[in-house]
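[1] sequence isn't available, so here's the structure alone:
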């Protein structure tokens, strides 16, 4: 694939499989194509690694942060379970949304290793009373059981999978955690953009097939009680309809 962007003629030329065509540079189609390139270049430049939330690195594309907020405000979970803690920015983010909504929501973070300096910083944060940390493999039955003991029968549960992003591990997490998800809520297999990042300099050719989106698609095919969907935008005065996202084919809604 070859793109030629001409701002003077206001055209985007596309060459693929020996064929060439030009489209309006300011069209919806051009926006979608350029956005995919932007995602690839931005990830290679570690753009998502340049943000923090209330003092903690969050390591997310800003669109993911906003779109996740839209879902959380709409479904108003009482518990958010996230696998993959890293610096803890996402846990702080979820806790801050609960605080802003005036709810007593709880956040459960699971990671195979919570580094001491990260644990110290998370535990010292003013929002830590809403957070529980569990250290261990997210697919270890004992760890999954620990999460289960923290859930109440009337909880509305949202699960976000953001730990090991191999297809096999995400598939195992989907199998272990989907039972916690309440109707109308989601289990989210993040970072399926590996599928389109396989050919960037920091990428890996194996990611073309070994990625979370593959696991999510197979899970959806085998579990009719879940549908794979992009959550509806609550506001949209544009002609656009696709997230600019590192989480394609990620949101599995429990019917």
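    Everything's here; your move. Since this is a predicted model, take the numbers as computed values, not measurements. Numbers count the residues shown, from 1 in each chain.
[2] helix/strand/coil for residue 133?
    strand (DSSP: H, G, I helix; E, B strand; the rest coil).
[3] show the contacting residues for it.
    Counting by C-beta atoms under 8 Å, 6 or more residues apart in numbering, residue 133 touches 85, 109, 111, 114, 119, 122-123. Any C-beta I mention is one placed from the backbone N, CA and C, and that applies to glycine too.
[4] buried ones among these?
    For these, a burial check counting by 16 or more other C-beta atoms under 10 Å picks out 85, 109, 111, 114, 119, 122.
[5] that older thread, ok, which pair from the contacts of residue 133 is furthest apart?
    Using C-beta to C-beta, the contacts of residue 133 span at most 13.9 Å, a distance reached by 111 and 123.
[6] which of the contacts of residue 133 lies closest to residue 8?
    residue 85 (48.7 Å).
[7] that closest one contacts residue 109, correct?
    Yes: the criterion here is C-beta atoms under 8 Å, and residue 85 meets it with residue 109 at 4.3 Å.
[8] overlap in contacts of these two?
    91, 122, 133.
[9] separation between the last one and residue 86?
    What that stands for is residue 133. From residue 133 across to residue 86, the span is 12 Å (C-beta to C-beta, to the nearest Å).
[10] just the second one next, same as before
    Distance, residue 122 to residue 86, using C-beta to C-beta: 10 Å.
[11] please enumerate residues in contact with the host helix or strand of residue 22?
    Assigned by DSSP states H and E, residue 22 belongs to strand 19-24. Residues outside strand 19-24 that contact it (C-beta under 8 Å, 6+ apart) are 10-14, 29-30.
[12] quote the end-to-end distance of stretch 157-174.
    14 Å (C-alpha to C-alpha, to the nearest Å).
[13] per-residue pLDDT, residue 237?
    pLDDT, residue 237: 98.
[14] what's the helix or strand for it?
    Residue 237 is part of no helix or strand when elements are defined by DSSP H and E.
[15] got phi/psi on it?
    phi -100, psi 10 (degrees, to the nearest 10).
[16] any idea how far it is from residue 25?
    21 Å.
[17] before we move on, what about residue 110?
    Residue 110 sits 45 Å away from residue 25, taking C-beta to C-beta as the criterion.
[18] those two: which is more packed in?
    residue 110 (27 against 17; other C-beta atoms under 10 Å).
[19] for the stretch 151-255 of the chain, which segments count as strands?
    With DSSP state E, counting those that start in this stretch as the criterion, the stretch 151-255 of the chain has strands at 157-161, 186-189, 226-228, 251-254.
[20] just the helices in the stretch 101-250 of the chain please.
    Assigned by DSSP state H, counting those that start in this stretch, the stretch 101-250 of the chain shows helices spanning 116-124, 141-149, 167-177, 194-197, 212-222.
[21] and these as CSV, adding mean pLDDT?
    Shown next, in CSV, are these (pLDDT from 0 to 100):
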stretch, mean pLDDT
helix 116-124, 98
helix 141-149, 98
helix 167-177, 98
helix 194-197, 96
helix 212-222, 98
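[22] looking at those, which is nearest to residue 18?
    Judging those by C-beta to C-beta, what sits closest to residue 18 is helix 194-197, at 22.1 Å.
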